[in-house]
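Q: Sequence first, then the predicted structure, then my questions.
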Amino acid sequence: MRPIIFSKMDFSHSSLFGYIEDLQELTIIERPVRRSLKTPEEIERLTVDEELSDIERALFLLSSGQDIQGTSVVANLPVLMRQNPAETLRRVLPKIREVLHVAGVEMQLTAAVSFLTVLQEESVSIHTYSHSFLHIILQNLEHRDAGVSNAWLETLLAVIEALPKETIRHEILNPLVSKAQLSQTLQSRLVSCKIMGKVANKFEAHIIKREVLPLVKSLCQDVEYEVRTCMCRQLEHVARGIGTDLTKTVVLPELVELARDEGSSVRLAAFETLVNLLDMFDADDRSQTVLPLVKSFCEKSFKADESIIVSLSFHLGKLCNGLYGIFTPEQHLRFLEFYKKLSTLGLQQENGHNDNQLHLQTLEQEKKYISVRKNCAYNFPAMIVFVDPKNFHLELYSIFFCLCHDPEVSVRYTMAISFFEVAKLLNSDVYTIHKELVTLLQDESLEVLDALVGHLPEILELMTNGGEKNGSESKLLSIPDLIPALTTAEQRAATSLKWRTHEKLLQKYACLPHIISSDQIYYRFIQRMLTIVLTNNVLPVQKAAARTLCVYLRYNRKQEQRHEVIQKLIEQLGQGKSYWNRLRFLDTCEFIMELFSKSFFCKYFFLPVLELTHDPVANVRMKLCCLLPKVKSTLKIPTDKHLLQQLELCIRKLLCQEKDKDVLTIVKRTVLELDRMEISVDAFQKRFYENDLLDQEKERQEHLLEMEQLEKEKQKNEGRSANINDKMFEKKRRDSKTSSVLAKSINLSISGSSSGTSAGKEEKKSKLVRSQSFSTQVLHPKYSNIDKCPNKSSATGYTSSIPGMGKSCMLSFSDDSFRTHSAGNSGNAVFPSSCSRNLFNSANQKNNGNKEGQSRKMSVRDSKRLTQSSLHFCLQAGEWNVRNTASSLYVPFPNEYLKSRVFETKTENQTPRSSDRKMREPESEGKNVLMG
């Protein structure tokens, strides 16, 4: 057969026939194809009559079925016990017992698990269980397969916890005497060791001393080191069961002898048991018996017996604190140096030794050294207690630095887990480890970051509150590079594939308002959280970012920043082009309702949420319908009556206009739920008392944040106005001296001049004084960004529309300078009589057809048509002048006037009172208008 060359494919007529000839030369190897996995005979054997009951089917499969079918019956045993325990015990369990004698490993393991499940589910009484199942468990303990034997042993040990004492004594303890003899197999003696450790806690001390301790001593002297090791590890349970006295006389001598055993595993087991039993030994036993053994272990760990070094490093913290009271200063220092040596084990090759002096470490040695350093990191909090936190910087800081910068990820991971414990122990000295916190936050491994983030809020709180008692802005200075480290950690988690770590990190970042200032959060974190909500593809991450963003908004202390964030949420999420963003807006609204007061949600988010009832995507409308009960729960009657009407209108439109069947089903279900709901009222009710108290507390905190900002701005303005007043007072003093000198040089004959000229001078003088006094008054910054002034039909107060929030979302601005009157005086703008008289007199004097008066009238007429520009009020020559300017609203009212009077707007349909008609008379006569 010629090879087919595909490098140049020519599909001409001649070439095509050439390819066909080549294909015809290919020979197809005929192979027998098995069209089914099972033969008809096998299918026949696997077929079961469908009319059989569960019990009959189980018996049939155990008798004539294949192994896999029998295994399925054994696995289904707990279900049969729940459905029909009597028949299962009478017919199925004996068949299982018969099959297990010849069953394979898989069925044996399945049976051990099923028997344990039946015990845990308590399908039968413990008496019935011990009578029916216990014998089967004991028969299979000595299975030739070690895995099967261990599985049945685990089941037996769990059963011993539930069995009564008499049953344990007759069914388990008595046969154990023969099973623990040297004539029995190794597996049988190992099982006996583990059973003794479990049984020791079930009986009184005298029974254990008489029936158990002789077997324990025998097994501790067994010829096989595996048996001695196993029995040595069970001595802790035996000691707990027999008490302190017998432990000192029986167990401790056995441990001392086993600690000198020729087998390294036996010595290791003896050492670990000694450490675990330190609390049961008195001071004499610790100083005379335990301490010499521990010292010998430490000395041999680097020389003759390196097998114990990993276990020694793991238990060193517990050992040092357990023997703390009997250490001399020299011994204390020796154990501390030993810990320091273990903490850097395996890193000595970096210290500039010659290659000839360095021995090549095997892979096992390297792993062992890594485990030692990891154990040292695990024990670091215990070593701080050992040396006293006051001596941390002198004794342990260098080790702490090395462990946090260890080349192995597992060591740094362990340090990240224990970092919170270290910070708690250091207390006021926690500032000494802030560099290591930044280092671990910027670690290249996300595992380290994930371990550190678990207690990050508590760590940051300790960092900021531990040493200094100043405000959060000054506390931030004690943790340099914290904010860059936090942002770097988040960006690294975002670019990885471990979205759970990213979600966890965003959730923990919600603690930052208690750690750093709101300005830092606003400029470094808020926009990032919003970007994650808009662009991330993982839903849990988006929700975590949305909730953290709401927490940041909750604790933001500046009104303009709050409004900007709210505007972005509504524009970019609620009115976003992607339906996914609009769904996230509804999730954000859920967090808003959870974190903020009801009035806050109704003020900013209620109407934007209702606008989504017209969303073109059915999923958005569906999610909105599910959210409507929570939305309704934020309303209070009668304050939010108009919002309730809007809600009912939207629901009617959904019921009438909705075409999607799924959405309509949810709408109908939501309507029924809304009908059953009760709306809270402004006054407290017993039924909603706790919720109302919680909502009131949220509202109070929100108000405190605003008042705190206002107080800061007020203090700034007061300082600025005080400086202006000082300058004006100095200027007036100089002007008064100059005028007194000039007055003496003026001829007295001038005093006979016309009264109009003197009146003009008095007018100019009064104008100068008033303008100087009013120029020192500064309006509260709260009114510096108002876009619109209310016309005659507007409600009382100033309202400013937030861009992007729609026509229906208005922000109400109020201040102490604008207080509403009582019901009897509402709608009237009242002025002092003397002030109004002087104002109208000066207006009459200047009403002689001058152009200035006409220009003022034109400005008043033009002011009625002002909608987008700001209003600038100033008092000149005893008149109110309204000018259309592009600057911010500035109202220079005198302080004493603002404290005693208010200004209110009046609707067109209200009938003007006498005072109003009186004040409007100058307008009809061509005089200046007084604007309130």
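A: The structure has been received and is ready for your questions.
Q: got the contact list for the nearest residue in space to Gly104 that is not next to it in sequence?
A: Leaving aside its sequence neighbours, Gly104 sits nearest to Asp67 (C-beta to C-beta, 6 or more residues apart in numbering; 6.2 Å). Where C-beta positions appear, they are placed from N, C-alpha and C, glycine not excepted. Applying C-beta atoms under 8 Å, 6 or more residues apart in numbering to Asp67 gives the contacts Ala103, Gly104, Glu106, Met107.
Q: quick one: which of those residues sit in helices?
A: The helices, defined by DSSP state H, take in Glu106, Met107 from these.
Q: and Arg228, how many neighbours?
A: By other C-beta atoms under 10 Å, 24 other residues sit near Arg228.
Q: circling back to that earlier point, PyMOL command for the buried members of the contacts of Asp67?
A: Selecting only the buried entries of the contacts of Asp67 in PyMOL, with 16 or more other C-beta atoms under 10 Å as the criterion:
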select buried, resi 103+107
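Q: and the two most separated of the contacts of Asp67?
A: By the measure C-beta to C-beta, Ala103 and Glu106 form the most distant pair in those, at 8.2 Å.
Q: tell me which element the residue nearest to Arg373 when sequence neighbours are not counted falls in.
A: Of all residues not flanking Arg373 in the chain, Val411 sits nearest, at 4.9 Å (C-beta to C-beta, 6+ apart). In the assignment (DSSP states H and E), Val411 maps to helix 409-426.
Q: Check the average confidence over that helix, would you?
A: Helix 409-426 carries an average pLDDT of 95.
Q: Could you do stretch 262-279 as well?
A: Across stretch 262-279, the per-residue pLDDT values average to 91.
Q: and the gap between the residue nearest to Gly104 and Val105?
A: 11 Å (C-beta to C-beta, to the nearest Å).
Q: before we move on, what about Leu116?
A: Leu116 is 17 Å from Val105, by C-beta to C-beta.
Q: can you give me the helices in the stretch 1-150 of the chain?
A: Using DSSP state H, counting those that start in this stretch, the helices assigned to the stretch 1-150 of the chain run over residues 13-25, 40-46, 54-64, 67-75, 77-83, 85-87, 93-100, 105-121, 126-132, 134-139, 146-162.
Q: Using TSV, lay out those helices together with mean pLDDT and distance to Thr289.
A: TSV is the format used below for the helices of the stretch 1-150 of the chain (pLDDT from 0 to 100; distance: least, C-beta to C-beta, whole Å):
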stretch	mean pLDDT	distance to Thr289
helix 13-25	52	90
helix 40-46	73	67
helix 54-64	87	58
helix 67-75	89	51
helix 77-83	93	50
helix 85-87	92	54
helix 93-100	92	48
helix 105-121	93	41
helix 126-132	91	42
helix 134-139	91	39
helix 146-162	92	31
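Q: how about these, which one is nearest Asn427?
A: That would be helix 146-162 among the helices of the stretch 1-150 of the chain, by C-beta to C-beta, at 42.1 Å.
Q: Other residues contacting the very next helix or strand once past that closest one?
A: On the C-terminal side of helix 146-162, the nearest following helix or strand under DSSP H and E is helix 165-167. Around helix 165-167, the neighbours that count as contacts under C-beta under 8 Å, 6+ apart are Ser130, Leu134, Lys202, Phe203.
Q: same thing with stretch 274-294?
A: 235-236, 239-240, 244, 247-248, 251-252, 255-256, 259, 271, 315, 318-319, 322-323, 325-326, 331.
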